[in-house]
Structures are given as C-alpha cells and as structure tokens.
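Asker: I would like the atomic coordinates for the input below:
(chains A and B)
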Amino acid sequence: MTLSKLKSRPFRIPLALALLIAGFLTKNPEVRTGLMVLSYLIAGYDVMIHAVMGIIRGQVFDEHFLMSLATIGAIVIGEYEEAVAVMVFYQTGEMFQDYAVDKSRRAIAETMNLRPDTANLLGEDGQVKKIDPEEVKTGDLISVLPGERLPLDGIVVSGVSQLDTASLTGEALPRPVKPGDEALSGCVNINAALTIRVTRPFEQSTVNRILEMVENATDKKSRQEAFITRFSAIYTPAVVIMAVLLAFVPSLLIPGALLSDWVYRALNFLVVSCPCALVISIPLSFFGGIGGASRAGILVKGSNHLEALAKADTFVFDKTGTLTEGRFTVSSVVANGVSEQELLSLAALCEKHSPHPIAKALREADKFPLPESLLNEVYETPGEGVAALIGSEETLVGNAAFMENRGIEVPENKNGGTVSHVAKNGVYLGSIIMEDQVKPCAKEALLRLKNQGVKRLVMLTGDSESAARKVAEKLGIDVLHAGLLPQDKVSRIEELMAGRDGRGTLVFAGDGVNDAPVLARADVGFAMGALGTDAAIEAADIVIMNDDPCKMAAALSIARRTVLIATQNAVFAISVKALVLVLSAFGLSSLWMAVFADVGVAVLAVFNALRALKLQEKDQKCVLS
Amino acid sequence: MISVLKIRNLGCASCAAKMERKIAALPGVSEARVNFLTQKLTLNVKEDCLEDALSKADAIIKTIEPEARLIR
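Answerer: Below is the predicted model of the structure:
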C-alpha cells in the first residue's frame, strides 16, 4: 500500500482489533455499538476516503469502493458486527500482504546487494579520493582494500590477492589474481590491497549489467501472469454484476424470499471480487525464483524464460567449452623413426605462435622445447595445420587433410581424440593424439537432467565423429551431430524443434563463442561461463556465470519449482474464491469466509511465493560424484 | 523508443494491471508494462508521441490510484 497507510496501519489496526474484541465481550448494548462504530471508523476511514475518490474519478470496480459497499451494505441489513469484523480483517490482511511483498522485495534486493557505493580513485599525486563509481573513467587507477567489493571492471596493475566471486558465480572457491589479470566488479577482495586500471565505465561494468538484468527480468511477463491479468480484468466486473443480480432478482422471483437474506449473499460476492491475491502472487513467485537463481550464479533474463525452461524436454549442448573444458591435453604420441620427445618438440616449435587450443596443448606437453631461433618461416592454414622451416628443413604439423593435400599418406586414426600429424621434408614422422577433458561435473549434470524428466540430450560439435562419439558415450548423450560448421548448428536446432512432440521446449547450452544465432533460435538459450563475455550475455536468455554444467540442472529445478509455486497460488486462489462464491450463492457462506477468501488467501499466496526465493540444498552447489 | 519511469506509491497489484491496459492503449504506445514489484513503468512509444503519452499515463495512474505518481 501507499507509504502513508503503511506508517499508520501498525498502530491503527491493532487498536481497531482491540476495540472489536472489547465490543464482542461487552454486554451493554449501547457501549457495544459505540465500540463497534469506533473500531469500524478507525479501521476503515481511509478505505472509505479512497472509495469516494474512486467514485469521483469513475472507478466503480475499485477495491476500496467494493469493500466499503460490502460493509456498509452489511450495516444496513443489520449485520453490523460482521461489517466491522470484515473491515478490520480486510485491513489486517492488507497489512500482512504489504509486509510480505515488501519483505520479498527486500530479500531479493539484498541478494543483489552488489552495488558498490564508492570507488577509491588513485590520483597522480598518489592521493586516494573516494568518489562515485559512475564518475570513474576508463583508464583511471583505483585501489581496492581487503574486504572491499570491486566497484568497476579492470586489470590488476599491482598487488597479489584472491577474489571472492561467490556473489557473481555462486562459487565458493576464491579466484587468485596477480598483476595483468582481469578483475571483475562485484567480486570481493580478500587478502591484500590491489591497484586496478579500470577498463570499462560503470554502466558497462559486470555488476551494473547483472543488476539491471535481474531487476528488469520481471518486466517480461510469464504466460501465467498474462493469463491472470486477463482473467482479473473480467473477473471483478463479472462478480460485481452477479452480486447485483443475486441481490435483487431472486427476491423478486421467489415467493417469500427475504431481500436482506439475498443482499447478504450478494455482499459476500463483493468481498471476494478483488483479484489482488492472484495478480500479485504469480509475478512475485517468478521474482522470487529469479532472485534465488541469481544467488546460485544463474542469471535469468525474464520470467518467460524461466517458464519455458520448466517445460524443457530436449537439451542441446555444444561440446567444446560446455561439456568439455575446451582445453586439450596430449594423451599419446606415435613416433616413426624419431623419439616421442623429438616429435613433440618439432610440433610444439611449429605451433609456437598459434593461439589455437591444440597448439597450446602441444606446447604444454613439450617438456624440452627447442630454441626458438631454429624457427625460420611459418605458414598457417587455418583449421588445418602449419608449415614451417625449422633450420632449413620443411616441417608440417596438421590434420589428415593437411597432410594428404601435400601428398603425405597418414594412417587412419581408430582410437578417437583429435590428431596432429607431423612430417619433415616429405617424410611422415608420426602423430600426436590429444583429448579435450570432459568437465568433472558434466556426467552428473546430465544425469540430473535425465532424472528431472528431460527426454533427449543432444550434442552438437564441429569436431570429428570419432572424437565426439567418445565424449557422447561417456556422458550418456542420446543424439550426436558431429562435424558441423557453425551455420549447420542453427539448421540442426530447427530440425530438432520441428521434430519434437507435445509442448516440451528445447534448450540450447553453449559457451557463447560463435553460437549467438543458435542461442537466439532455441526456446531457451543458456550461455555458460559467461562471466566477463559480453556477447554471450547479450544473446542468451539464461546466463550461467561460471562454467559448471551442474548449474543447468539447478536452473531447471529452480524453474520447475517456481512454476509449481506460481501454479499452486493460481489454483489455490481461484478455487477458494470460486468455492466461496458458490457457497454464498446458496446462502452457505458468511462474510467471515469471504474475507478469508480475499485477504487470507492473498497472504498465504504471498508467503508461498516467498518460498521460490529459497534455494534448495542440491541447487546451491554442484555435488561431485 | 523505450522509456522507463519510476512510479511512486503504487499500492495495489490489480490497479497496476489496470493502468498497464489503459496506458498500452494510448496513441503511439506499442507496449506498456507496469511492474508492481519494481514499481516501474516501461513504455515502448514513438518518439514524437512520448510527451503526450507520458502526461496521459500520469493522468491514468492518478485516476486509478490517487496517491500514485509518475516520477519524471
């Protein structure tokens, strides 16, 4: 309710309640009436003022007007005790409802309490000045003391410390940082003071983008909410019209019917005619669910996405970076006529300057690197391999196609994995087999998705069939599409979406690199490990801040729970109201029941919605098996 | 263009829904969202209709909830 009412209610309502109880206990009829009238006025004067203001403005279906009409009607037909009680309980209920709504708003705001108030700007003279983070410019130096939250994104210039990223990623392990590392706003500095060069203005900082995203998530209506708002637009006028008919028609048609009896039944209708419980509890449930998810490092961009996720029956994964680490390690070396070490060193030297993950793996595996001065000329064929002059010898490192194009026969690779072949002066020297490590949590994550009723697990990858098959079998993937080019992924998603049965939705999870179109095309797009990558945050519907696949299972269970709570609220509120309407029509209900159906249900629904904010144990962390 | 404004003293959820319906029907407004939880009005409105839409939205809000105000 409005602020003025919020302030006065905690004093007025208990007073009105006390007077009401005193009235009931008093034998003297005059004193009793006096106490009742006083109680009614104290509890309901503002309702009546609002009612009058509403009528002046032509708002007949206004909640206050209907409540005033119902209670004054009850007084007129002589049910004045009930009238007073209804007004007092209505106000009590409203008070609780406001309290609960306010509490949940705060609870969510607190989970998102990441916004730093000040930044310690380092001046050129070495002086520290506390200023608003919005005033800090790109390139400025700021200092962050232990225990402080980083106000802006930047690169560490000096200091070695650890950052607590829990409020961004839900991850318990601190992240070590040293000069040259990226440090993101919203993290808390743990050990030692850091000096950071700011790389982005506040509006574009990680923390600000996250806050805006979560705050605006409820702007996107869920279908449930859209349904309820449409329903409520018809509900109130319909119930009021029924009340008018009920009050006067039967007493004219049925001989011997008492007007006051039917009016009383009609008053019940007026009391239950406000749809507030419904209208508030659905978005509040989603608000709670989104807030809870953000605490687990899962950012949901809209209620509608949470709702779509809850109905997921197909999960499609990009392999590299989503289910696997995206880091290759050498698993075996097959050398012909040279030592394994020689082969590795040759390959690593050729790939000395390539940023490709395979090149990185080769360099990491090479324990005795050859001097770089031997490397003379390098030609890279993207996606295939490298030709280099080592000393004066032409050395080739690349995949089978790369070798065959240069007239070098290579043996067939039978044991899966990604292979780099090596040749020198046209002579085949052997191959190095590398594997991308499956994330430790991936199997468990997929198992949990299956246990939650996901029917199909699909893996899409640009890798070769043999390399992908191994991963797919290990993880229990149902359908595998390998050897895909980026543009093929969209058409595969479209095929999968066309071929599904029923109302289940399709979820795509990728690391956000090169798969923005796919993220956009799927019913729900998950971006993994998106902390700090802008493109993925833009394209996805749900963003997982770290790269833990278990968060997908957690997101699904949060989504299911949220939708369940919202549904419970809708069904509960509608059925209690319907029941009271039917009972009232037959004269079996009282205003007491009606007032419970109105505010009592609203309060219960709001408290139920608050449950959506609470994370379940299993969703808080990924349990490694 | 999208315009986001705060509404102060927005008291009841079904009133918010009512405001939303009426504001969405204003000329030049293609989308309106009155978010009760964040107490915000989000409007998708043609640029030249913005001023007109805002003053009408303010009037609608006041009519439905006398104490509520659009903060500009």
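Asker: CA atoms for contacts and neighbours, from now on please.
Answerer: Will do.
Asker: now do the phi/psi pair for the residue of chain B at minimum distance from chain A.
Answerer: Closest to chain A within chain B is B:G11: 4.0 Å, counting by CA to the nearest CA. Per-residue torsions, B:G11: phi -100, psi -30 (degrees, to the nearest 10).
Asker: now the residue sitting furthest away from the middle of chain B: how far from B:M1?
Answerer: The outermost residue of chain B, judged against the average C-alpha position, is B:D48 (16.9 Å), by CA atoms, centre = their mean. According to CA to CA, to the nearest Å, B:D48 stands 10 Å off from B:M1.
Asker: and what of A:V239?
Answerer: The gap separating A:V239 from B:M1 is 39 Å, by CA to CA.
Asker: over to A:S303?
Answerer: 22 Å.
Asker: distance from the chain centre to stretch A:447-465, please.
Answerer: 21 Å (CA atoms, centre = their mean, to the nearest Å).
Asker: pull up the distance across that stretch, start to finish.
Answerer: Note: stretch A:447-465 ends 23 Å apart using CA to CA.
Asker: A:G93 looks like it's in a helix, true?
Answerer: Yes: membership of A:G93 in a helix is supported by DSSP: H, G, I helix; E, B strand; the rest coil.
Asker: hang on, it packs against A:V599?
Answerer: Yes: using CA atoms under 8 Å, A:G93 is in contact with A:V599, at 4.9 Å.
Asker: and those two? Which one has more around it.
Answerer: A:V599 (26 against 21; other CA atoms under 10 Å in any protein chain shown).
Asker: list the residues that contact that one.
Answerer: Contacts of A:V599 were listed using CA atoms under 8 Å, 6 or more residues apart in numbering or on different chains, and they are A:89-90, A:93-94, A:97, A:277.
Asker: what of A:I574?
Answerer: Residues in contact with A:I574, defined by CA under 8 Å, 6+ apart, are A:L278.
Asker: in the stretch 301-450 of chain A, where is pLDDT below threshold?
Answerer: For the stretch 301-450 of chain A, applying pLDDT under 70 flags the ranges A:383, A:414-416.
Asker: nearest to chain B: which residue in it?
Answerer: Counting by CA to the nearest CA, the stretch 301-450 of chain A gets nearest chain B through A:S303, at 12.3 Å.
Asker: okay, and A:L396 sits in which element?
Answerer: Following DSSP states H and E, the helix or strand that holds A:L396 is strand A:393-398.
Asker: grab the CA positions of that strand and hand them over as CSV.
Answerer: C-alpha atoms of strand A:393-398 as CSV (Å, rounded to 0.1, in the frame of the first residue of the first chain):
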residue,chain,number,x,y,z
GLU,A,393,64.0,-28.4,-43.1
GLU,A,394,60.4,-28.1,-44.1
THR,A,395,58.2,-29.4,-41.2
LEU,A,396,54.5,-29.9,-41.4
VAL,A,397,52.1,-30.2,-38.4
GLY,A,398,48.4,-30.6,-39.1
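Asker: now do the helix or strand hosting A:P14: distance to the chain's middle.
Answerer: Using DSSP H and E, A:P14 sits within helix A:3-25. Its chain's C-alpha centre and that of helix A:3-25 lie 40 Å apart, by CA atoms, centre = their mean.
Asker: now do the helix or strand that it is followed by, average pLDDT.
Answerer: Following helix A:3-25 in sequence order, the next helix or strand is helix A:29-56 (DSSP H and E). Summarised as a single mean, pLDDT over helix A:29-56 is 90.
Asker: show me what helix A:29-56 is packed against.
Answerer: helix A:3-25, helix A:63-76, helix A:80-111 (3 or more CA pairs under 8 Å, 6 or more residues apart in numbering or on different chains; DSSP states H and E).
Asker: now tabulate those in CSV and tack on distance to A:T229 and mean pLDDT.
Answerer: Listed next are these as CSV, based on distance: least, CA to CA, whole Å; pLDDT from 0 to 100:
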stretch, distance to A:T229, mean pLDDT
helix A:3-25, 25, 78
helix A:63-76, 16, 90
helix A:80-111, 18, 81
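Asker: show me the contacts for the residue of the stretch 51-200 of chain A found nearest chain B.
Answerer: As assessed by CA to the nearest CA, chain B sits closest to A:R57 within the stretch 51-200 of chain A, at 5.9 Å. By CA under 8 Å, 6+ apart, the contact set of A:R57 is B:63-64.
Asker: measure it to A:I280 for me?
Answerer: 24 Å.
Asker: near chain B at all, the helix or strand encompassing A:L252?
Answerer: Per DSSP H and E: A:L252 is located in helix A:223-253. Yes: residues of helix A:223-253 contacting chain B under CA under 8 Å from any CA of the partner chain: A:229, A:232-233.
Asker: quick check: next helix or strand after that helix?
Answerer: Counting by DSSP H and E, the next helix or strand C-terminal to helix A:223-253 is helix A:259-271.
Asker: quick one: the helix or strand following that next one to chain centroid distance?
Answerer: Later in the chain than helix A:259-271, the nearest helix or strand by DSSP H and E is helix A:276-295. For helix A:276-295, the distance from its own C-alpha centre to the chain's C-alpha centre is 12 Å (CA atoms, centre = their mean).
Asker: again with stretch A:466-479
Answerer: Stretch A:466-479 sits 29 Å away from the centroid of its parent chain (CA atoms, centre = their mean).
Asker: and what of stretch B:41-58?
Answerer: Worked out by CA atoms, centre = their mean, stretch B:41-58 lies 8 Å from the chain centre.
Asker: now the end-to-end length of that stretch.
Answerer: Using CA to CA, first and last residues of stretch B:41-58 are 10 Å apart.
Asker: may I see the buried residues of it?
Answerer: B:41-45, B:50, B:53-54, B:56-58 (16 or more other CA atoms under 10 Å in any protein chain shown).
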